[in-house]
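Asks: Sequence first, predicted model second:
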Amino acid sequence: MNAMTPWWASASFWRKTAVIVTALSFIVLIVLTLDSMAQMSAGSDRVPAYSVINKRITYVDDAEAGHKMPFVGGDAPLFGKALSEEDAEALVSLGKKTVQAKNCMNCHTLLGNGAYYAPDLTKAWLDASWGSEAARETLMLAFLQDPEGNARTFGSGRKMPNLGITESEARGVVAFLKWMASIDTNGFPHNFMPIPQEN
Ligand code: HEC
């Protein structure tokens with residue numbers, strides 16, 4: 001180093017700065033990753049625990065947020081049977097694996113990810129097209145196992161093919177869709193029309 005070189009222009013200063021900046025960025029990344037994981041896991045503020053499938057989920061106006069928000073109400077067990085947290089997780093997990101195995105994202109979006117051929121499934125459980133809350137479970141089960149025979153109008157003007165989903169897989173998918181509908185997605189999808197909510 002030349003005696004005239006100021007300290008801030010020396011190689012050793014910039015070497016140390018590079019090491020410190022890299023180390024700090026690394027720590028910030030780890031903290032952000034842990035924070036995101038905490039916000040995304042089931043059982044956190046925005047993502048309810050899997051046993052939420054035992055509850056009634058509605059979609060209500062939230063004046064403060066300026067959009068609709070999922071609201072977890074009283075008991076309304078899926079298929080009439082309340083499940084423990086473990087059993088609920090197993091059922092939702094079967095649904096999630098079925099959704100992955102049958103590649104629903106090839107046509108649909110889930111939480112906005114996927115293809116734009118068919119409707120977004122994030123709030124499918126709350127979709128007005130199921131007609132009424134009372135009929136919904138049965139209609140969804142029938143539709144998933146035989147979409148051609150139980151075609152409804154979800155506004156796409158397209159038909160969903162039969163994907164050979166068994167009844168137990170269909171039950172899992174319905175549980176997965178119910179759980180997903182309870183996630184606070186900041187009003188996504190925009191302008192979604194929920195099922196008529198009696199009382
Ligand atoms: C080849 C494309 C395709 C694939 C793959 C597909 N779907 Fe569909 N799905 C559609 C179309 C098209 C519609 C709209 C049907 C209508 O409007 O009658 C639809 C409608 C639906 C609906 C009703 C939508 C609503 O708003 O309530 C659900 C639920 C659904 N699909 C679930 C699934 C699931 C779960 C899978 C994977 C197991 C899947 N779909 C795979 C094309 C597909």
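Replies: Thanks, I have the structure now. Predicted model, so just to flag it, every value in this text is computed and none were measured.
Asks: Could you use CA atoms for every contact and neighbour count after this?
Replies: Noted.
Asks: Outline the domain layout of the chain.
Replies: The record's domain parsing of the chain by automatic domain parsing lists 12-40, 50-181.
Asks: Minimum distance to the ligand: which of those has it?
Replies: The closest of these to the ligand is domain 50-181. By Cα to the nearest ligand atom, the value is 3.6 Å.
Asks: what's the first-to-last distance across the closest one?
Replies: 11 Å (Cα to Cα, to the nearest Å).
Asks: That one close to the ligand?
Replies: Yes - legend: contact between domain 50-181 and the ligand by Cα under 6 Å from any ligand atom is shown at 99, 102-104, 106-107, 118-119, 124, 127, 151-161, 173.
Asks: pLDDT averaged over that domain - what is it?
Replies: Across domain 50-181, pLDDT averages out at 94.
Asks: just how off-centre is that domain within its chain?
Replies: For domain 50-181, the separation from the chain centroid amounts to 10 Å (computed by Cα atoms, centre = their mean, to the nearest Å).
Asks: now stretch 192-199
Replies: Computed by Cα atoms, centre = their mean, the separation of stretch 192-199 from the middle of its chain amounts to 19 Å.
Asks: Now look at that stretch and say if it contacts the ligand.
Replies: No - on the criterion Cα under 6 Å from any ligand atom, stretch 192-199 is out of touch with the ligand, staying 9.6 Å away.
Asks: Redo the domains of the chain as TSV? Include mean neighbour count and distance to Pro194.
Replies: Conversion of these to TSV gives the following (neighbours: other Cα atoms under 10 Å; distance: least, Cα to Cα, whole Å):
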stretch	mean neighbour count	distance to Pro194
domain 12-40	12	24
domain 50-181	18	5
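Asks: can you give me the strands in this protein?
Replies: Along the chain, counting by DSSP state E, strands occupy 55-62, 67-75, 109-110, 113-114.
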